[in-house]
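S.K.: need a 3D model of the following:
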Amino acid sequence: MLERFFKLKENNTSVKTEVLAGITTFMTMAYILAVNPSILGDSGMDATAVLIATCLASFVGTMLMALLANLPFALSAGLGLNAYFAYTVCGEMGYPWQVALFAVFIEGIIFIILSLTNVREAIFDAIPLNLKKAVSVGIGLFIAFIGLQNAGLAINSDSTLVTITSFTSNFNTAGITALLAVIGVFITAILYIKKVKGSILIGIVATWILGIICELAGIYVPNADAGFNSVIPHSFVNFDFSALGNTFGQCFNLDFEAVGIVNFIIVIFAFLFVDIFDTLGTLIGVSTKAGMLDENGKLPRIKQALLSDAIATSAGAVFGTSTTTTFVESSAGVAEGGRTGLTAVVTGLLFLVSMIFAPLFTTIPSFATAPALIMVGFLMFGAITDIRFDDNNLTDAIPAYLCIIAMPLFYSISEGISVGIISFVLLKLICGKGKEVKPLMYVLAVLFVLKYIFL
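M.R.: Below is the predicted model:
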């Protein structure tokens with residue numbers, strides 16, 4: 001039955017490979033179960049309710065991706081969008097979190113309409129193949145940078161913005177965790193070079209176990225006030241889901257008269273804008289790495305993929321979480337060989353189960369998942385060899401280069417895409433190659449410029 005539904009042989013994969021890939025994707029995404037409640041909790045939401053809502057939204061979205069699109073992509077509450085939700089909409093703008101949830105719900109409805117009318121698919125197809133390759137490379141650098149930060153290797157610096165951490169100062173907290181992350185990178189890399197199946201997942205677990213050993217030996221000393229928690233699970237299950245009532249359906253419990261219509265439209269548009277291009281960027285990048293794009297650079301079943309993403313966003317708002325979007329960490333499962341919706345089914349089920357085992361899953365430290373992100377970044381970076389940088393293709397190569405460096409440096413997939421598209425259109429026009437630009441690219445370039453002017 002699995003073979004017939006997911007077409008495993010046609011996609012050159014197996015049940016074992018898909019299950020392993022699904023587990024790997026989940027392990028690299030599990031951090032969201034700790035991060036999202038923390039961020040949205042700052043908006044006044046109940047953290048436990050947010051955790052349960054995140055699990056449910058992730059399950060619904062990922063299962064839709066599996067059953068409607070048969071793609072190995074997983075969804076959850078998007079980083080960046082949750083920060084915008086908590087710190088801009090609820091913080092700077094002063095809206096109650098119920099209003100922010102309603103904006104997310106409306107955004108999802110608009111997405112559903114756009115997906116059904118092929119607008120989002122048209123945007124995907126209009127982006128030139130070289131720029132799609134650049135998106136894959138840029139995402140690789142972006143998630144590698146996230147991995148370096150999660151590992152505690154890349155830290156803030158007043159003089160250079162970022163710098164490498166000191167391994168000797170605060171050795172029993174920041175120093176040892178950064179060192180463990182470095183060891184984890186080498187473990188994962190060696191296993192991958194040796195073509196050991198499940199190398200990324202093994203690397204996560206091995207690094208976590210080393211962390212547990214260090215804590216038991218007194219080498220790693222937890223300091224919750226400094227953000228260094230115990231890596232030893234002390235609680236394994238929780239069957240109390242009553243907290244969900246604090247957020248479920250609350251997106252409809254708001255005072256419309258107290259909501260300024262103009263500002264509210266701006267909020268919806270901001271959610272919409274960032275989500276659509278983060279999703280498109282992730283789909284482009286991960287699909288490119290997986291070799292899923294056809295000869296014309298198009299992703300089969302993209303309409304179903306985008307529809308799954310849109311439905312999950314509205315469903316997540318009803319449950320009580322910020323925008324649900326396709327996760328770039330799906331590339332970890334793809335790197336393990338995941339090629340069909342069976343990978344997503346496994347990941348979705350693990351998110352559902354994690355409602356019960358949340359205390360265990362959220363104990364996985366970020367320094368243990370960081371090596372996976374760094375290695376996946378390397379794998380996605382390989383697409384750079386498909387971009388031609390010779391003198392005859394500079395109007396394609398320069399926008400690709402700008403797209404690549406913008407993602408990690410501006411800390412945004414969508415910003416990288418916008419820089420790439422604007423520069424592509426401008427260079428083609430100024431250099432007399434405007435006929436090579438599809439009409440929709442002009443529209444996108446204008447919209448991106450307007451975004452920088454008004455948002």
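S.K.: tell me which residues of the helix ranked longest in the chain come out buried.
M.R.: In terms of residue count, the longest helix belonging to the chain (DSSP state H) is helix 261-290. Neighbour-count burial for helix 261-290, counted by 16 or more other Cβ atoms under 10 Å, picks out 264, 266-290. C-beta: built from backbone N, CA, C; applies to glycine.
S.K.: and what of stretch 383-397?
M.R.: Neighbour-count burial for stretch 383-397 [16+ other Cβ under 10 Å]: 383, 384, 387, 395, 396, 397.
S.K.: the fourth one and residue 416, how far apart?
M.R.: In this structure, residue 395 lies at 18 Å from residue 416, with Cβ to Cβ, to the nearest Å as the measure.
S.K.: ok, now the fifth one?
M.R.: Going from residue 396 to residue 416 by Cβ to Cβ gives 16 Å.
S.K.: repeat for residue 214
M.R.: For residue 214 relative to residue 416 (Cβ to Cβ), the value is 37 Å.
S.K.: compare those two (neighbour count), which wins?
M.R.: A count of neighbours by other Cβ atoms under 10 Å puts residue 416 above the other of residue 214 and residue 416, at 29 against 18.
S.K.: element containing that one?
M.R.: Assigned by DSSP states H and E, residue 416 falls within helix 413-430.
S.K.: kindly report the same for residue 159.
M.R.: Per DSSP H and E, there is no helix or strand for residue 159.
S.K.: so what's residue 198 up against?
M.R.: When contacts are counted by Cβ atoms under 8 Å, 6 or more residues apart in numbering, residue 198 is found next to 20, 24, 336.
S.K.: which of the residues you listed are buried? Put it as a ChimeraX command.
M.R.: Per 16+ other Cβ under 10 Å, the buried members of the contacts of residue 198 correspond to this ChimeraX selection:
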select :20,24,336
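S.K.: break down the stretch 151-300 of the chain into its helices, ranges please.
M.R.: 176-193, 199-216, 261-290 (DSSP state H, counting those that start in this stretch).
S.K.: could you pull up the mean pLDDT of the second one?
M.R.: Spelled out, it's helix 199-216. Helix 199-216 comes out with an average pLDDT of 92.
S.K.: touching it from outside, list them.
M.R.: Contacts of helix 199-216 (Cβ under 8 Å, 6+ apart): 20, 23-24, 27-28, 176-177, 180-181, 183-185, 187-188, 191-192, 196, 220-222, 230-232, 332, 335-336, 364-365, 367-369, 371-372, 375-376.
S.K.: residues of it that come out buried?
M.R.: Here helix 199-216 shows 199-204, 206-208, 210-212, 214-215 as buried, counting by 16+ other Cβ under 10 Å.
S.K.: and which of those is nearest residue 401?
M.R.: residue 200 (28.2 Å; Cβ to Cβ).
S.K.: could you measure from the closest one over to residue 336?
M.R.: 6 Å.
S.K.: over to residue 161?
M.R.: Residue 161 is 33 Å from residue 336, by Cβ to Cβ.
S.K.: just for the stretch 201-350 of the chain, where's the confidence low?
M.R.: For the stretch 201-350 of the chain, applying pLDDT under 70 flags the ranges 255-260.
S.K.: pretty sure residue 11 is touching residue 341, no?
M.R.: No: Residue 11 is not in contact with residue 341 according to Cβ atoms under 8 Å; the separation is 9.9 Å.
S.K.: quick one on the thing from earlier: name the residues contacting each of residue 200 and residue 336.
M.R.: residue 24.
S.K.: hmm, residue 434 is touching residue 426, no?
M.R.: No: judged on Cβ under 8 Å, residue 434 makes no contact with residue 426 at a distance of 10.3 Å.
S.K.: what about these two, which has more around it?
M.R.: More neighbours surround residue 426 than the other of residue 434 and residue 426, with 15 against 11 (other Cβ under 10 Å).
S.K.: hey, where'd the strands end up in the stretch 51-200 of the chain?
M.R.: 75-77, 154-157, 161-164 (DSSP state E, counting those that start in this stretch).
S.K.: ok, residues contacting the shortest one?
M.R.: When contacts are defined by Cβ under 8 Å, 6+ apart, strand 75-77 is touched by residues 29, 32, 36, 54, 57-58, 61-62, 65, 308-309, 312, 316, 321-327, 351.
S.K.: for the nearest residue to residue 141 once chain neighbours are set aside, what are its contacts?
M.R.: Of all residues not flanking residue 141 in the chain, residue 408 sits nearest, at 4.5 Å (Cβ to Cβ, 6 or more residues apart in numbering). By Cβ under 8 Å, 6+ apart, the contact set of residue 408 is 138, 141, 142, 144, 145.
S.K.: tabulate those residues in CSV, adding columns for pLDDT.
M.R.: Compiled in CSV, those are given as follows (pLDDT from 0 to 100):
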residue, pLDDT
138, 89
141, 92
142, 87
144, 90
145, 91
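S.K.: which single one of the residues you listed is nearest to residue 88?
M.R.: Nearest to residue 88 among the contacts of residue 408, with distances taken as Cβ to Cβ, is residue 142, at 20.9 Å.
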